[in-house]
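S.K.: Would you be able to build a 3D model of this:
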Amino acid sequence: MTTEANKNTIDFLRDIRSNGRYAFTFEEIVETIGKPAKNIRKDIDRLREKGMVRNIRKGFFIIIPDEYSKMGVIPVEFYVDDLMKYLSKQYYVGLFSAAMFHGAAHQQPQEFFIISESPKTRNIKNRDIMINFSEKKHFPQAGIETRKTDTGYFKISDKALTFLDLIYFEYLMGGYNRITTILEELSEDIKPASMKIAADNGFPASVFQRAGWVAENILQNNKLATVFEQKLASMNFQAAYLKASGLKSGAKDNKWRLFINTKIETGV
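M.R.: Residues are numbered from 1 along each chain as shown. Below you'll find the model as predicted:
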């Protein structure tokens, strides 16, 4: 039963949902309904106890509608754009999460992956909500798409940028054996022209050395390998290691100036 004490709060949440939104901020609700902040906090605490509201980050909340009440959570893509606006960060959904939306990851990742501008945003681990933030000092200006959902829009890396990011953040993704199958599926639909655009995003030369070697030797995708070879031809670069965090040893591939210090097993 709705009490007089939280009536305005309930009305506010209904208005939010009627506008197709699932998220709100504490500042927003205080400004809208004009009740004392301490009373609103009590209202929200009661709604949290009932499972109608979840606190994602200090001052930022999501609404759990009836159809998601058993799960107790809603998909992150329903509110990620609102969250990043609240944090005042440029962002895009990337890595395993982007691969999933592009149909190149057959299992939904346990964490939701977001790439944002520096400085790095603290990860969110909130019971069954896990959002992993990775930072980019040179935030991409190309290769980012806008995808529509039932609740609005969110930004996501296209297949080419996702491919390069998986190479760039390989160590965070659990190594090449975890990303190779995804790289292969992504690469099937990436046109060289799209990869050229994504490559013009401030990546270090070592990313193109590694991506080129993988494309040529693991994926047997000579078209993409050629893109990376041409990109490197315009850069001054040093010898690097295939696995940045691996042992400083291995046979050298002279074409890519790359020491092969890890073994990549496909289909793992």
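S.K.: can you give me the strands for the stretch 51-200 of the chain?
M.R.: Secondary structure of the stretch 51-200 of the chain (DSSP state E, counting those that start in this stretch): strands at 53-57, 60-63, 91-93, 112-117, 124-126, 129-136, 144-149, 152-157.
S.K.: Just say which of these is most tucked in.
M.R.: strand 91-93 (a mean of 26; mean count of other C-beta atoms under 10 Å). Quick note: C-beta positions are derived from backbone N, CA and C, even for glycine.
S.K.: Quick one: list the elements packing against it.
M.R.: helix 80-86, strand 112-117, strand 152-157 (3 or more C-beta pairs under 8 Å, 6 or more residues apart in numbering; DSSP states H and E).
S.K.: ok, now how distant is the spatially most central residue of the chain from N132?
M.R.: Nearest residue to the geometric centre of the chain (C-alpha atoms, centre = their mean): I114, 2.5 Å. With the distance defined as C-beta to C-beta, to the nearest Å, I114 ends up 7 Å from N132.
S.K.: Also N126?
M.R.: From N126 to N132 the distance is 13 Å (C-beta to C-beta).
S.K.: Ranking helices and strands of the protein by mean pLDDT, which lands last?
M.R.: Least confident helix or strand of the chain, by mean pLDDT, DSSP states H and E, is helix 7-18 with a mean of 88.
S.K.: Can you list the neighbours in contact with that one?
M.R.: If you take C-beta atoms under 8 Å, 6 or more residues apart in numbering as the criterion, helix 7-18 is touched by 2, 22-24, 29, 32-35, 40, 43-44, 47, 52-53, 63, 65.
S.K.: From those residues, list the buried ones, please.
M.R.: 22-24, 29, 32-33, 35, 40, 43-44, 47, 52-53, 63 (16 or more other C-beta atoms under 10 Å).
S.K.: Show the pLDDT at the nearest residue to N132 once chain neighbours are set aside.
M.R.: Leaving aside its sequence neighbours, N132 sits nearest to E111 (C-beta to C-beta, 6 or more residues apart in numbering; 4.5 Å). The model reports E111 with a pLDDT of 93.
S.K.: same question, E4
M.R.: pLDDT, read off for E4, is 43.
S.K.: Numbering from 356 from now on, please.
M.R.: Okay, using 356 as the starting number, the last item reads as E359.
S.K.: if we can go back for a sec, list the buried residues in the least confident helix or strand of the chain.
M.R.: 363-364, 367-368, 371.
S.K.: hmm, back to that, will you turn the strands of the stretch 406-555 of the chain into CSV that also has distance to V428?
M.R.: Formatted as CSV, the strands of the stretch 406-555 of the chain follow (distance: least, C-beta to C-beta, whole Å):
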stretch, distance to V428
strand 408-412, 7
strand 415-418, 8
strand 446-448, 17
strand 467-472, 11
strand 479-481, 9
strand 484-491, 6
strand 499-504, 16
strand 507-512, 17
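S.K.: Ranked by average pLDDT, which of those strands falls at the bottom?
M.R.: strand 479-481 (a mean of 90).
S.K.: Check what contacts that strand and list those residues.
M.R.: Around strand 479-481, the neighbours that count as contacts under C-beta under 8 Å, 6+ apart are 409-412, 485-486, 488.
S.K.: Can I get the helices and strands packed on strand 446-448 in a markdown table including distance to L519?
M.R.: Shown next, in a markdown table, are the helices and strands packed on strand 446-448 (distance: least, C-beta to C-beta, whole Å):
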| stretch | distance to L519 |
| --- | --- |
| helix 435-441 | 21 |
| strand 467-472 | 11 |
| strand 507-512 | 9 |
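S.K.: Which one, of the ones you listed, ends up nearest to A594?
M.R.: A594 lies closest to strand 467-472 among the helices and strands packed on strand 446-448, at 27.5 Å (C-beta to C-beta).
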